[in-house]
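Asker: mind folding the following:
(chains A and B)
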Number of protein chains: 2
Amino acid sequence: PAAPNSGDTKNLPLDTLINLDHGDPRMYESFWRKMGDECTFVIKGYESLSYFSNPKNPACWFLEPKLEDSIKALHGAVGNAVTDGYSIVVGTGSSQLLHAVLYAVTSPDQPNQTSVVAAAPYYSSYVEILNLVRSGLYKWDGDAHEFDKDEPYIELVTSPNNPSGVIRGPVVSRDGGILVHDLAYYWPQYTPITSSLEFDIMLFTASKCTGHAGSRIGWALVKDIEVAKKMTKFMEVSTIGVSKESQLRVAKILQVVADRCKRFGSPEGDNFFEFSKNLLTKRWEILRETVKKTQMFTLPKYPLQHCNYTGDVTQAHPAFAWIKYKDGMDDCEMLFKEHKILTRGGKKFGTDPGFVRVSMVSREEEFNLLIDRLSMIQGLNNVDGYAAEIE
Amino acid sequence: PAAPNSGDTKNLPLDTLINLDHGDPRMYESFWRKMGDECTFVIKGYESLSYFSNPKNPACWFLEPKLEDSIKALHGAVGNAVTDGYSIVVGTGSSQLLHAVLYAVTSPDQPNQTSVVAAAPYYSSYVEILNLVRSGLYKWDGDAHEFDKDEPYIELVTSPNNPSGVIRGPVVSRDGGILVHDLAYYWPQYTPITSSLEFDIMLFTASKCTGHAGSRIGWALVKDIEVAKKMTKFMEVSTIGVSKESQLRVAKILQVVADRCKRFGSPEGDNFFEFSKNLLTKRWEILRETVKKTQMFTLPKYPLQHCNYTGDVTQAHPAFAWIKYKDGMDDCEMLFKEHKILTRGGKKFGTDPGFVRVSMVSREEEFNLLIDRLSMIQGLNNVDGYAAEIE
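Answerer: So this is what the prediction gives:
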């Protein structure tokens, strides 16, 4: 369905700027539309007035029990993370959970701010999160490859990585380090599921799992209940908990996904991961073909691996394309912008500006325009008069 | 309906600890139950996937236009705040908005942390919010009455005040000060509406306005759009926006309140503020009578004032009772706890422990138990053998 020049672009003027800077997951709308009323969420005017969701939960009093159940059901069905023996903390997106982790694993009594690092290219928001209010508890210390201080540190391990899509482990291997695993993209549509992870602190988000970014629901699986309790305290002071409407709606959505994700090839096409993986696989095929034709860019290659969830040998189809300009151009983001494609340049990810990160999870019509315009960048070299055309 | 010893307590065991520490606004459930399906919120599985709500809003890209409209409609109908010429920023409760304001009105370039003060007794959470991550931008500097530094400062003005329910203005009056007005309780059920306020930064929350605390929706009315933009930036890095489900549901609820709040004495009883004010008035009458009988405590007195909204001369009926032990007891919170009433003691509000703050917006059965138990504290002086009874 993702053929370039298809009728799907008809609603967008040809000169519309397409915003592929954010990973706004509107690709998934078509699946949820197809599911009809089964995923409709209804709440009455008198329901969920209280601040409290579950005062008896020792780890997180504002976590809705239904959300807790569906998170466990989903990880169990997919096999991407262990939940037995873990505390679950819900957050307003996984961003808030990362703030909460930083608070939970540091202390005002320590002599210095704890250094926080991530291997470049790293998720651009980490820098902003770390610097936001100039905390005395922690500080951003840049690329993990260059960290050589003999002191406690926190390493953020993003796997699959944002922006590059590769599976990663920690880079600094030293005593006194705390690892935070950001696993937002460790779902079968993006990457082969090779094991059920059981790290100390694992962050997930509905935004990237099912595409419900507007709900702002993330969750942390935390091995040490004392860390979970401190995270909950952070959330209490920061926002007094997390939207109940969002928690209850996402609980319903995750449960629907979990209930149907073990059947493959069913005529209803109601396996969310199968549908999404097929769509991303097609998009990546088209993208790779287009990039190849331009002869100007390269894309990362991902290894073939056995996915425990599908049972197939497959490669990654990440939510972002990490595109490199072959000849080391200064500002690839600017080049794309001239072609009316908004992307995020390499510099923001701590690497060189010859890279751009481009969302692969946009609506169909935006993806089609991306492909059309990428083809036209090829034109820059081959077709006379093209420069005038893009003024 | 709030008679002590009524049948309403039958669902709670007589020795249940009642939690009136938080202002959990479950009193309002009965109103919303009565409103039936009109306030039911429905959202389909494919709706609101995107991060974005209104990319064209220069002040706040994640504010749902429907929420913006109903906030303006409600303030217009009640006449408690001006919205013309203001930017609206939505937050995950007003707590997050306070964090955002502190970020927005300070700068990493300033030589020192900006002092933040509030007149005692002040809302206990301010201290926690200010100290949370040891920000280099701002610091908690205690009671505004004692602030005498000759440097920029921020004063938090809570009006009506939490915990004491009185109307307040700024205490420090000096150049270079920034005022933040926390107006969570400036609604007609709690206090006479004497003017339509137009301060630089005004914070409101659905939790206290309609009782939808579980939704975590607050809003700020901000005169300077540059401040609003910085607040939005804070929210972007902190939580990438605010739950759309909550925004859309609260938009519906606020609109229902606004549409009906100009009719008084209608047989349907569908004026939210009229209903709520009547209920709080009754509770306060019962409380004052009970406290008088005990001869052990005092309550604040509130002036009679003309309310522009109702057109009546009336006094305040705050969401919290600020109860003082007459003989200056050391720990009034402990006394209440011995009588199985959880409250928040004066010390947390920067004042003496002879005070406790007690929620007046609990469910009916909890309010009734409060009254029963308060009457029994009287018994402590008068009835033999009572001490044994409360072990």
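Asker: confirm residue A:250 sits in a helix?
Answerer: Yes: with DSSP: H, G, I helix; E, B strand; the rest coil as the criterion, residue A:250 is assigned to a helix.
Asker: get me the contact residues on the stretch 251-391 of chain A for chain B.
Answerer: Residues of the stretch 251-391 of chain A lying close to chain B (CB under 8 Å from any CB of the partner chain) are A:253, A:256. C-beta coordinates here come from the backbone N, C-alpha and C atoms, glycine included.
Asker: any idea which residue of the stretch 251-391 of chain A lies closest to chain B?
Answerer: residue A:253 (6.5 Å; CB to the nearest CB).
Asker: show me what contacts that residue?
Answerer: Residues counted as contacts of residue A:253 (CB atoms under 8 Å, 6 or more residues apart in numbering or on different chains) are A:39, A:206, A:210, A:212, B:45.
Asker: for it, give me phi and psi.
Answerer: With angles defined as degrees, to the nearest 10, residue A:253 sits at phi -60, psi -50.
Asker: can you read off the pLDDT for residue A:228?
Answerer: Here the pLDDT value assigned to residue A:228 is 98.
Asker: excluding its backbone neighbours, what's nearest it?
Answerer: residue A:87 (3.7 Å; CB to CB, 6 or more residues apart in numbering or on different chains).
Asker: what about the one you found, how many residues nearby?
Answerer: 23 (other CB atoms under 10 Å in any protein chain shown).
Asker: for residue A:362, same thing?
Answerer: Neighbour number of residue A:362 under other CB under 10 Å is 22.
Asker: wait, residue A:371 touches residue A:290, no?
Answerer: Yes: between residue A:371 and residue A:290 there is a contact under CB atoms under 8 Å: 5.4 Å.
Asker: the more surrounded of the two?
Answerer: residue A:371 (22 against 19).
Asker: helix, strand or coil for the more buried one?
Answerer: Per three-state DSSP, residue A:371 ends up helix.
Asker: now residue A:141
Answerer: strand.
Asker: quick one: contacts of stretch A:104-111?
Answerer: In contact with stretch A:104-111 (CB under 8 Å, 6+ apart) are residues A:113-114, A:136-138, A:152, A:154, A:178, A:180, A:201, A:227-228, A:230-231, A:233-234, B:134.
Asker: make that stretch A:319-326, sorry
Answerer: A:23, A:25, A:121, A:162-165, A:185, A:190, A:208, A:280, A:284, A:287, A:291, A:295-300, A:332, A:335, A:343, A:354-361.
Asker: so what's the model's average confidence on that stretch?
Answerer: On average, stretch A:319-326 scores 96.
Asker: and it, which residues are buried?
Answerer: Neighbour-count burial for stretch A:319-326, counted by 16 or more other CB atoms under 10 Å in any protein chain shown, picks out A:319, A:320, A:321, A:322, A:323, A:324, A:325.
Asker: let's see which of the contacts of stretch A:104-111 end up in helices.
Answerer: Under the assignment DSSP state H, these contribute A:227, A:228, A:230, A:231, A:233, A:234 to helices.
Asker: which non-adjacent residue is nearest the fourth one?
Answerer: Meaning residue A:231. Nearest one to residue A:231, counting by CB to CB, 6+ apart, is residue A:100 at 4.0 Å.
Asker: hang on, that neighbour packs against residue A:234?
Answerer: Yes: between residue A:100 and residue A:234 there is a contact at 4.0 Å, judged by CB under 8 Å.
Asker: all strands of the stretch 201-350 of chain A, in order?
Answerer: For the stretch 201-350 of chain A, applying DSSP state E, counting those that start in this stretch gives strands covering A:201-205, A:217-222, A:297-298, A:305-306, A:313-314, A:320-325, A:341-342, A:344-345.
Asker: what residues does the third one touch?
Answerer: Under the contact criterion CB under 8 Å, 6+ apart, strand A:297-298 has outside partners A:291, A:323, A:324, A:325, A:326.
Asker: need these in a markdown table (columns: distance to residue B:125).
Answerer: Compiled in a markdown table, the contacts of strand A:297-298 are given as follows (distance: CB to CB, whole Å):
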| residue | distance to residue B:125 |
| --- | --- |
| A:291 | 52 |
| A:323 | 46 |
| A:324 | 48 |
| A:325 | 50 |
| A:326 | 55 |
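Asker: nearest to residue A:315 among those?
Answerer: Of all the contacts of strand A:297-298, the one with the least separation from residue A:315 (CB to CB) is residue A:291, at 15.6 Å.
Asker: correct me, but the closest one touches residue A:300?
Answerer: No: counting by CB under 8 Å, residue A:291 does not reach residue A:300; the two are 11.1 Å apart.
Asker: out of the contacts of strand A:297-298, flag the one nearest to residue B:223.
Answerer: residue A:323 (43.4 Å).
Asker: just the helices in chain A please.
Answerer: Using DSSP H, helices in chain A cover A:29-34, A:65-78, A:93-104, A:124-131, A:206-209, A:225-239, A:244-260, A:272-294, A:332-338, A:364-382, A:386-389.
Asker: can you put the strands of the stretch 201-350 of chain A in a markdown table and add distance to residue B:76?
Answerer: Below are those laid out as a markdown table (distance: least, CB to CB, whole Å):
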| stretch | distance to residue B:76 |
| --- | --- |
| strand A:201-205 | 37 |
| strand A:217-222 | 33 |
| strand A:297-298 | 54 |
| strand A:305-306 | 59 |
| strand A:313-314 | 57 |
| strand A:320-325 | 44 |
| strand A:341-342 | 37 |
| strand A:344-345 | 41 |
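Asker: and of the ones you listed, who's closest to residue A:33?
Answerer: strand A:217-222 (20.3 Å).
Asker: partner strands of that closest one, with direction?
Answerer: Counting by DSSP bridges, the strands paired with strand A:217-222 are strand A:87-92 (antiparallel), strand A:201-205 (antiparallel).
Asker: nearest to residue B:313, of the ones you listed?
Answerer: It's strand A:87-92; of the strands paired with strand A:217-222, that one is closest to residue B:313 (CB to CB) at 42.9 Å.
Asker: hmm, who's touching that closest one?
Answerer: Here strand A:87-92 has contacts from A:59-60, A:62-64, A:67-68, A:71-72, A:97, A:100, A:216-223, A:225, A:228, A:231-232, A:235, A:239, A:242-243, A:247, B:92, B:216, B:239, B:242-243, using CB under 8 Å, 6+ apart.
Asker: okay, the angle between that strand and helix A:65-78?
Answerer: Angle between the axes of strand A:87-92 and helix A:65-78 is 110 degrees (criterion: axes from the mean of the first three to the mean of the last three CA atoms, to 10 degrees).
Asker: report the contact partners of residue A:132.
Answerer: Neighbours of residue A:132 in contact, by CB under 8 Å, 6+ apart: A:99, B:103, B:234, B:237, B:238.
Asker: from memory residue A:293 sits against residue A:375, does it?
Answerer: Yes: if you go by CB under 8 Å, residue A:293 and residue A:375 touch, sitting 6.9 Å apart.
Asker: between these two, which has more neighbouring residues?
Answerer: More crowded of residue A:293 and residue A:375, by other CB under 10 Å: residue A:375, with 16 against 11.
Asker: how near is the residue nearest to that one when sequence neighbours are not counted to residue A:323?
Answerer: Closest residue to residue A:375 apart from its sequence neighbours, by CB to CB, 6+ apart: residue A:290 at 5.8 Å. From residue A:290 across to residue A:323, the span is 11 Å (CB to CB, to the nearest Å).
Asker: put the buried members of the contacts of residue A:253 into a PyMOL selection.
Answerer: Buried members of these, defined by 16+ other CB under 10 Å, are picked up in PyMOL with:
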select buried, (chain A and resi 39+206+210+212) or (chain B and resi 45)
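Asker: redo the contacts of residue A:253 as TSV? Include distance to residue B:197 and pLDDT.
Answerer: Converted to TSV, the contacts of residue A:253 look like this (distance: CB to CB, whole Å; pLDDT from 0 to 100):
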residue	distance to residue B:197	pLDDT
A:39	42	96
A:206	38	98
A:210	42	98
A:212	37	98
B:45	41	98
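Asker: perfect, I'm done here.
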